[in-house]
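*Asks:* Next come a sequence and a model predicted from it.
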2 protein chains.
Amino acid sequence: MDNSDDWNPLRHPGHYFNRIARGLTRIGDIRLRHLGFATAQLPVLTALKDGAELSQKELAKWARVEQPTMAQMLSRMERDGLVQRVPDPEDKRSSLISLTDATLAKLPAGRAILRQGNSEMTKGLTGDEIETLVSLLRRVLENVESMES
Amino acid sequence: MDNSDDWNPLRHPGHYFNRIARGLTRIGDIRLRHLGFATAQLPVLTALKDGAELSQKELAKWARVEQPTMAQMLSRMERDGLVQRVPDPEDKRSSLISLTDATLAKLPAGRAILRQGNSEMTKGLTGDEIETLVSLLRRVLENVESMES
DNA sequence: TCCATTTACATAGGAACCTATATATATAAA
DNA sequence: TTTATATATATAGGTTCCTATGTAAATGGA
């Protein structure tokens, strides 16, 4: 690839990740809105789907966001009645976060929306192609995360 | 894929896009910081790299962000001396935006950083694999953008 | 020409991400 | 036990994205 292509985003994978990620977030937000969910909250819903009680720290690690990001998101989710916090009896610094009953009741509908989105996103790709894609993505992700130090 | 995997993000491509995109943004921001550039500004730098003068509207379209997003980014870039605006003589509603001389002078260094990042991101992938990846990404992007209506 | 519509941009407000830093509790070492 | 360090969370401030809406200039039809 000659130098003149360095600025041509269409020749590089990097360009696509941002566009796809933003697109998926926008679509997810629209489709989940009637349930009161947002795309960014999905890791929290996933982690707590079986009634688990986790600390903010554990949720941040699971969702791979920084602690203040998770703190803010949990505040909004609590404000909106999606989660509840109870003081951790074993650690006065910490709270245990869990989904409210109303949220638990809405999870199956959320799951159906996700399944539908995953299927539309890979429309026209064979099972083999999806596997190839996931495996390449996994390798790129590993490279990217090894660049962050 | 059985139902119990609907919540398992590792089985779906969707999960990876967000993580990769955020990782690339963080790394780019760190590596470009000494030049005064940010990852999100790259489309603007790219569009104006040869001294072109474009309107805010054209830049938003090029970068595929909404107009207020571009307006805000250009404000910061102008504040930081990266771009300049001159009134469009043909349309009093509009300004023409171009890179400052200082920014133009820093572009080659920025390009080298991008090239390096693109190469690290795909480390271990063969040329064929990169081509396959880009082609699959293109198809997914097309699917995603067709979901947004 | 005059008015309605469209267009370009600005502004307001909010979500989700980040880094840096403060505070309170827990833990470990002296 | 007292003190130093580590950990969990909170807060402050900033960027990048979004939607909704306002304003002024351009345009096109009556």
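*Replies:* Received, thanks.
*Asks:* Just list the residues touching A:G110, thanks.
*Replies:* A:G110 makes contact with A:32, A:35, A:37, A:42, A:45 under the criterion CB atoms under 8 Å, 6 or more residues apart in numbering or on different chains. (Each C-beta comes from the backbone N, C-alpha and C, glycine too.)
*Asks:* Going by secondary structure, it is in what exactly?
*Replies:* For A:G110, the host element (DSSP states H and E) is helix A:101-121.
*Asks:* Give the rounded mean pLDDT of that helix.
*Replies:* Averaging pLDDT along helix A:101-121 gives 96.
*Asks:* quick one: it near DNA strand C?
*Replies:* No: judged by CB under 7 Å from any atom of the strand, helix A:101-121 and DNA strand C are separated, with a smallest distance of 13.6 Å.
*Asks:* Which residues of chain A lie near DNA strand D?
*Replies:* Within chain A, the positions near DNA strand D by CB under 7 Å from any atom of the strand are A:18, A:22, A:26, A:55-57, A:67-68, A:71-72, A:74, A:88, A:91, A:93-95.
*Asks:* ok, of the residues you listed, which one's closest to chain B?
*Replies:* A:N18 (4.8 Å; CB to the nearest CB).
*Asks:* what does chain A put close to DNA strand C?
*Replies:* Contacts of chain A with DNA strand C, taken as CB under 7 Å from any atom of the strand, map to A:38-41, A:63-69, A:72-73, A:76, A:91-93.
*Asks:* what about the residue lying closest to A:L107 once chain neighbours are set aside, neighbour count?
*Replies:* Ranked by CB to CB, 6 or more residues apart in numbering or on different chains and with sequence neighbours excluded, the top spatial neighbour of A:L107 is A:K49, at 5.8 Å. Neighbour count for A:K49, taken as other CB atoms under 10 Å in any protein chain shown: 15.
*Asks:* Need the three-state assignment for A:K49.
*Replies:* Taking DSSP: H, G, I helix; E, B strand; the rest coil as the rule, one finds A:K49 in the coil state.
*Asks:* Quick check on the contacts of A:G110: which are buried?
*Replies:* Among these, those buried by neighbour count (16 or more other CB atoms under 10 Å in any protein chain shown) are A:32, A:37, A:42, A:45.
*Asks:* dump the residue contacts of the last one.
*Replies:* It refers to A:L45. A:L45 neighbours (CB under 8 Å, 6+ apart): A:37, A:99, A:103, A:107, A:110.
*Asks:* count of neighbours near the second one?
*Replies:* Applying other CB under 10 Å, we find 23 other residues in the vicinity of A:L99.
*Asks:* Please report how far it lies from DNA strand D.
*Replies:* Separation of A:L99 from DNA strand D (CB to the nearest atom of the strand, to the nearest Å): 16 Å.
*Asks:* Just give me the closest of the buried ones among the contacts of A:G110 to A:S135.
*Replies:* Set against A:S135, the nearest of the buried ones among the contacts of A:G110 by CB to CB is A:L42 (22.4 Å).
*Asks:* and A:N143, helix, strand or coil?
*Replies:* helix.
*Asks:* How many residues are close by it?
*Replies:* By the measure other CB under 10 Å, the count of residues near A:N143 is 18.
*Asks:* what does A:S149 give?
*Replies:* Neighbours around A:S149, by other CB under 10 Å: 4.
*Asks:* now do A:I130
*Replies:* Based on other CB under 10 Å, the number of other residues close to A:I130 is 19.
*Asks:* Please identify the nearest residue in space to it, excluding sequence neighbours.
*Replies:* A:T122 (5.2 Å).
*Asks:* follow-up on the earlier one: what is the nearest of the contacts of A:G110 to A:V134?
*Replies:* A:L42 (17.7 Å).
*Asks:* ranges for the strands of chain A?
*Replies:* A:83-87, A:95-99 (DSSP state E).
*Asks:* Out of those strands, which one sits most buried?
*Replies:* strand A:95-99 (a mean of 20; mean count of other CB atoms under 10 Å in any protein chain shown).
*Asks:* For that one, name the packing helices and strands.
*Replies:* helix A:56-63, strand A:83-87 (3 or more CB pairs under 8 Å, 6 or more residues apart in numbering or on different chains; DSSP states H and E).
*Asks:* Dump these to a markdown table, plus mean pLDDT.
*Replies:* Putting the helices and strands packed on strand A:95-99 into a markdown table (pLDDT from 0 to 100) gives the following:
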| stretch | mean pLDDT |
| --- | --- |
| helix A:56-63 | 98 |
| strand A:83-87 | 97 |
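*Asks:* and of these, who's closest to A:L114?
*Replies:* A:L114 lies closest, by CB to CB, to one member of the helices and strands packed on strand A:95-99: helix A:56-63, at 15.5 Å.
*Asks:* Fine by me, we can end here.
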